[in-house]
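S.K.: For reference, the sequence and a predicted model appear below.
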Amino acid sequence: MKWLAILTFSLLTLAGCDQGTTGREMIEYDVAGAPEADPTFTDDRGWEITLTRAELTFGPLVFCSHQPTFLKSDSLTDCGQVLGELGAAATWDLLAADDVPLGRLTGITGQVHSAQYDFGWNWPAGLGSPLWRGEAGAASLTLAGTAAKGGVTHAFDFTLDAKPRAAGLYTVAGLAAEGSPSPATTRVTLAVSARKFLRYIDFDLLEEQAEPFTLVPGSALENQLRLGLTTGTPATFTWR
Amino acid sequence: MKMKTRLLILMIGLQFAVTTASAQDAPPAGDDDEVAVRPVKKSDVIPPKVIHMQAPKYPEDGYAEPPGVKVQLKITVTAEGTVEQVEVVTSGGEPFDREARAAVLLWKFEPATYEGKPLAVRIAVPFEFPPRARPKTPGKAPEKTPEKTPGKAPEKTSGKAPEKFDPHDLKDGEILVHGVRKIPKLPVVGAFVIDRRVLSAAPQPTAADMLRTVPGFYVGHPQGEGIANSLFLRGFNAEHGQDFELFAGEVPVNLLGHLHSQGYADLHFLIPEVVHSLHVIEGVFDAQQGDFAVAGSGFFRYGVTQRGTRLALTFGSFGHQRLLFLHAPRGAHPETFVAVALKSSDGYGPGNRASRSISAMGRYHLTLGTRTTLTLHAGAYAGRSVLPGLLRLDDHQSGAYGFFDSYSYPTAQAQSGYSSRLETSAKLVHTLCHLGERWEFSVYALRTDFMLRQNLSGFLLWYPDEPELRGAGDLHLQTNLDDTLGAKLQYFSGKMRLLDRFPTEFTTGVQLRSGNLTQREDLIFPAQSMIWRHLVDAEVNVLHAGAFVGSATRFFPWLNLNAGFRADGLAFLVNDELGNRQYNVPTEQAHQLGYKRNAFGTHLGPRLLLEAGPFDRLVTPLDQFRIYAGWGQGFRSPPPRSLQEGESAPFTRVDSWEAGLKFSPWGEQIALFRLAGFHTYLDMDYAFDPTTARANPIGDTTRTGGVLSVHARPWRELTLSASWTYAKAVLQGPPLATPENPTPGEKKGDLVPYVPPHVGRVDLAWSRRLGDLSGHPVAVSAGLGSSYLSRRPLPYSQWSDPVFLVDLSAQVAWREFSFKLEATNVLDTRWHDMEYNFVSQWNPSQSTNLPARHFVAGAPRTILGTLEIRY
């Protein structure tokens, strides 16, 4: 009887031991947008841009295990293992003085190699059209201000809706993003540049129209701004 | 003068020397320890039957006064039916003793059997010599020569042998195993023989559930009866059989290179009532353990000990119906029977687990002369089940779906499983001498069909070259057709002496197997099974040749050494019709699809086992202990389609260590405790990935743990079997980087997912005779089975819920009738039969690609009643 009690105690003790984990863990951390460094800048064509309003709707966001140069499949659309998801979208005032919280991301630990994201418009697989996941009345990108060069000043007020090109795809995919979120990670900070957004727009070549300049759907100007928003390295991510 | 022929046949006491190498049932590993420690009643034993008697000569120099001379001998009737170890119990004088000895050594028996297996027994045989006066002329021999035919002997020149030999008429006596051990005898603590008493204690819905009675074993039913059970043993998630070698009779159950799971072992074809015993080796220590013997091996032995014809009808919860017909001719060998079982059930839940099946099998054991037996076997099975699939835990917790529900989408409602199996085999055993030397040859043919429609991940899968089909649904259609031929030839040396000194036995043999597999996997729309993506279209030919040699030697009465060696070669020919597919490259512009390849590899595996004890001849206080230590190397064949051209067919190499002791403080007849520690290393392990519905490589792993078990029979009516197993399964390094996962997040020391650290099991059987009713005995029995499964680690550091289940059974039998009531999950626990943590998309408008917990609902309380008629 005595050793039966010892045995029972031993088994219970053993059963209660810390068994460890299977390694990777589910984690959560904040996503924040860093403020635009300077609302006034000069573009490559010499135009001095002054932004009076700059709002970006950002999300959903996905962090991926795939290298963006992965050749076996379509590196721009294949994520591999998803290491983080921000399911909602938030509208971000790029001219705000401080970091802007964009939401809370759920993910797993591991090495992030790339990212995919939308600008409010998200098109889940299986649906016939994209869904707007941002704030009501907002757009993917709103940029307003003036462009001045040689005594000529143009006012502009651009409002762009950037949508994925097909169901199940993100508007921006295959973007390099290196980070290794861990349970100690509290935040990933996103930085974008309005200067990059506007880099394909040549104010010298804008067609005559009543100011402020606006975007006409299907116009070259709209395509230029869309390219600026979605290509190159439009965003960078920093984990801490 | 006609001699009085009254025969005196007295049972002084039967002592049984249970032999582990019985001709028909010799297990690949030693066994019978379980049997060997239990006292059994005489009525449980089918006694030896004399097939040739030889009357003794009347000794020329023997003279007896009236009423004559009696000589009583004690003899051993071996498992081969010969006579050994003749001992004079009551002497009638040297001349009579001598002739009685000479005569009895010429007797031949049909050996005694216990639970269908021949065994050696020790019995008493009396001889009676009539009176004979001394001649007046001493030294004159009798004129007549004694007859050799009993009953015809001249009265005055022959002694008398029993005219009949029917031990049923003998006085009852406790039949005890006296421990005459035969070599080889596998002394591994991890070797278990589960007899019928334990197997039938608790409700065992399927033959696979019998494995739960083995220490450390847990059997899951993740998809009802549509798919093979999930097996867990000693820290291994053996999936559907990839880590556990299984045989039913002579025919392997594991299938080579199965599309759904390597080593796929579906035991639903097996009718539990024709299973005589289950032999399990945990670890890899026997030379005969081959492919898939990673965590161990299990051998279902056929046999029906309760002879006669049985008709059993079962009704119960959820529309469960089962009809069993079993015919086992009286007087025939236990392996002679035919059985058919028809089963149907609506299954628990809202109609998402309905199943139908039929299983038929027959065996015929034929004796060819006195030294040769032939066992013929045929069996067929077909079954179809609706599958429930998996349910996300968050969907259940939100109230969107009930605990037993399936998703309402057509792609989820279309899940089903189908399998069929046709097998036939023959086994020839030819005994060369009474010391056990023999040859065994078996051959089998096996055909299996498998079709599975399963969607575990919802609407997740898509392919970059067909982005427009994203969201089409991940309903996999897998088909695997397998034709296999196999043979085994094995020689047993029987008892011999090494260096003319050490008792030893030696065995060697070859195992051959050839399989042809046709495999296809598509992603389909549920309507008409329309295909939206071809995934696999392959034909595979596999040849497996293995040879082994093993020996068991007793160097001292307290020291045995088992040594063995095994060599295997596996050759693969793969015709992969969809090979060389490249994404985003128009195939017709570059090449045609297809990748034909071959691969070959070999594996060499030594096995060693040392047993020491009991030490009563060395140190008296230690006569209750035996200790063991063993090491062996095994292997598991690779999934054929994972092989590349010319690749040295990589095996998963297994190193298995074990050390332990047995302890019997009150005698092995009363209780036997076992305690063992084990360590297993695999150089390439696999873990199930529900998204792809396949096992994916995770690198090298180890299992370390211990097992404590007890088998006790404190009273004649009560049998207890209980065990507790602890195992820690960890990665020894991160998995290999792949293009899909260039930076694996796992590291050395992380737990292997899905493996329960703790497994407990209790089986309790009780039976007794209540009394008589109308002059016929009324017998009652009851059983309890309880399983505990600790929390299982899931991927991404999640843990499943623990499982605790209690099953009960009760039976009453009178005359030809019996009624059995079985209840499983009597506590009506809401439990998860399996849990996974992986990515799925079951809500198209809220897509997520993060892992989530999924579960398969375990069966609620289920009550079955069975009425059986025997005649």
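M.R.: Yes, it's here. Numbering: from 1, shown residues only, chains lettered A, B, ... in the order given.
S.K.: C-alpha only now, for contacts and for neighbours.
M.R.: Noted.
S.K.: chain center to stretch A:164-183: distance?
M.R.: Its chain's C-alpha centre and that of stretch A:164-183 lie 8 Å apart, by C-alpha atoms, centre = their mean, to the nearest Å.
S.K.: any residue of that stretch up close to chain B?
M.R.: Yes: applying C-alpha under 8 Å from any C-alpha of the partner chain, one finds stretch A:164-183 in contact with chain B at A:166-168.
S.K.: what would those residues look like in JSON lines with neighbour count, distance to B:A810 and secondary structure?
M.R.: What follows is the residues of stretch A:164-183 next to chain B, written out as JSON lines (neighbours: other C-alpha atoms under 10 Å in any protein chain shown; distance: C-alpha to C-alpha, whole Å; DSSP: H, G, I helix; E, B strand; the rest coil):
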{"residue": "A:A166", "neighbour count": "19", "distance to B:A810": "63", "secondary structure": "coil"}
{"residue": "A:A167", "neighbour count": "20", "distance to B:A810": "59", "secondary structure": "coil"}
{"residue": "A:G168", "neighbour count": "23", "distance to B:A810": "57", "secondary structure": "coil"}
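S.K.: Surely A:R165 and A:A173 touch.
M.R.: No: the pair A:R165 / A:A173 is not scored as a contact, 11.3 Å apart, by C-alpha atoms under 8 Å.
S.K.: of those two, who's got more company?
M.R.: A:A173 (25 against 11; other C-alpha atoms under 10 Å in any protein chain shown).
S.K.: So the more buried one: helix, strand or coil?
M.R.: Assigned with DSSP: H, G, I helix; E, B strand; the rest coil, A:A173 falls in the strand class.
S.K.: Can you tell me the closest non-neighbouring residue to it?
M.R.: A:Q116 (4.3 Å; C-alpha to C-alpha, 6 or more residues apart in numbering or on different chains).
S.K.: Help me confirm that the one you found is found in a strand?
M.R.: Yes: the assignment for A:Q116 by three-state DSSP puts it in a strand.
S.K.: Would you format the residues of stretch A:164-183 next to chain B as TSV with distance to B:V104 and pLDDT included?
M.R.: Output for the residues of stretch A:164-183 next to chain B, formatted as TSV (distance: C-alpha to C-alpha, whole Å; pLDDT from 0 to 100):
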residue	distance to B:V104	pLDDT
A:A166	92	83
A:A167	90	81
A:G168	87	80
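S.K.: From the residues you listed, pick the one nearest B:L661.
M.R.: In terms of C-alpha to C-alpha, no member of these lies closer to B:L661 than A:G168, at 59.8 Å.
S.K.: Contact partners for the closest one?
M.R.: A:123-126, B:467, B:470-471 (C-alpha atoms under 8 Å, 6 or more residues apart in numbering or on different chains).
S.K.: can you pull the buried residues of stretch B:642-656?
M.R.: Neighbour counts over stretch B:642-656 (16 or more other C-alpha atoms under 10 Å in any protein chain shown) mark B:643, B:649-656 as buried.
S.K.: so which one among these has the lowest pLDDT?
M.R.: Least confident entry in those, by pLDDT: B:P650, with 75.
S.K.: Wait, a helix at that residue?
M.R.: No: looking at B:P650 with three-state DSSP, it is coil, so not inside a helix.
S.K.: That one touches B:P638, doesn't it?
M.R.: Yes: the criterion here is C-alpha under 8 Å, and B:P650 meets it with B:P638 at 6.4 Å.
S.K.: show me where chain A has helices.
M.R.: A:2-15, A:194-197, A:220-230 (DSSP state H).
S.K.: Show me the least confident stretch of these, going by mean pLDDT.
M.R.: Lowest mean pLDDT within the helices of chain A: helix A:2-15, a mean of 59.
S.K.: what's near enough to touch B:P329?
M.R.: Residues in contact with B:P329 (C-alpha under 8 Å, 6+ apart) are B:307-309, B:336-337.
S.K.: ok, now how distant is it from B:F337?
M.R.: As judged by C-alpha to C-alpha, to the nearest Å, B:P329 and B:F337 stand 7 Å apart.
S.K.: Equivalent analysis for A:I108, please.
M.R.: 57 Å.
S.K.: is chain A contacted by the strand ranked longest in chain B?
M.R.: Longest strand of chain B, by residue count under DSSP state E: strand B:530-556. No: on the criterion C-alpha under 8 Å from any C-alpha, strand B:530-556 is out of touch with chain A, staying 14.6 Å away.
S.K.: In a helix, B:A100, correct?
M.R.: Yes: under three-state DSSP, B:A100 falls within a helix.
S.K.: Not counting sequence-adjacent ones, nearest residue to it?
M.R.: B:P56 (5.4 Å).
S.K.: what about that neighbour, neighbour count?
M.R.: By other C-alpha under 10 Å, 30 other residues sit near B:P56.
S.K.: backbone phi and psi for it, please?
M.R.: phi -80, psi 150 (degrees, to the nearest 10).
S.K.: just B:D395 next, same as before
M.R.: Per-residue torsions, B:D395: phi -70, psi -40 (degrees, to the nearest 10).
S.K.: can you pull the contacts of it?
M.R.: B:Y401.
S.K.: Quick check: residues of chain A near chain B?
M.R.: Taking C-alpha under 8 Å from any C-alpha as the contact definition, chain A meets chain B at A:15, A:19-26, A:65-67, A:70, A:72-74, A:77-78, A:80-85, A:87, A:107-111, A:124-127, A:166-168.
S.K.: Return the subset of the residues you listed lying in strands.
M.R.: Per DSSP E, the residues of chain A next to chain B map to strands at A:26, A:82-85, A:107-108.
S.K.: Can you add neighbour count and pLDDT and give those residues back as CSV?
M.R.: CSV is the format used below for these (neighbours: other C-alpha atoms under 10 Å in any protein chain shown; pLDDT from 0 to 100):
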residue, neighbour count, pLDDT
A:M26, 19, 91
A:V82, 23, 90
A:L83, 28, 93
A:G84, 27, 95
A:E85, 24, 94
A:G107, 23, 93
A:I108, 27, 92
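S.K.: Quick check: beta-bridge partners of B:V429?
M.R.: B:T373, B:E440 (DSSP bridges).
S.K.: typed the wrong thing, it's B:E611
M.R.: Beta-bridge pairing of B:E611 under DSSP bridges involves B:N560, B:Y628.
S.K.: Which one of the buried residues of stretch B:642-656 is nearest to chain A?
M.R.: Nearest to chain A among these, counting by C-alpha to the nearest C-alpha, is B:L643 at 18.9 Å.
S.K.: list the contacts for that closest one?
M.R.: Counted by C-alpha under 8 Å, 6+ apart, B:L643 has contacts B:598-599, B:649.
S.K.: Starting from the longest strand of chain B, tell me which strands it pairs with and how they run.
M.R.: When DSSP bridges is applied, strand B:530-556 pairs with strand B:502-525 (antiparallel), strand B:559-576 (antiparallel).
S.K.: For these, could you give me JSON lines that also reports mean neighbour count?
M.R.: Below are those laid out as JSON lines (neighbours: other C-alpha atoms under 10 Å in any protein chain shown):
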{"stretch": "strand B:502-525", "mean neighbour count": "20"}
{"stretch": "strand B:559-576", "mean neighbour count": "21"}
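S.K.: TSV for those, including mean pLDDT?
M.R.: Below are those laid out as TSV (pLDDT from 0 to 100):
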stretch	mean pLDDT
strand B:502-525	94
strand B:559-576	94
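S.K.: now chain A, which segments are flagged as low pLDDT?
M.R.: A:1-19, A:69-77 (pLDDT under 70).
S.K.: ok now the helix or strand harbouring B:T424, how far from the chain's centre?
M.R.: Assigned by DSSP states H and E, B:T424 belongs to strand B:416-431. Remark: strand B:416-431 is offset 15 Å from the chain centroid, using C-alpha atoms, centre = their mean.
S.K.: next one: stretch B:512-522
M.R.: Centroid separation between stretch B:512-522 and its chain, computed with C-alpha atoms, centre = their mean, is 25 Å.
S.K.: For it, give me every contacting residue.
M.R.: Contacts of stretch B:512-522 (C-alpha under 8 Å, 6+ apart): B:256-259, B:476-488, B:531-546.
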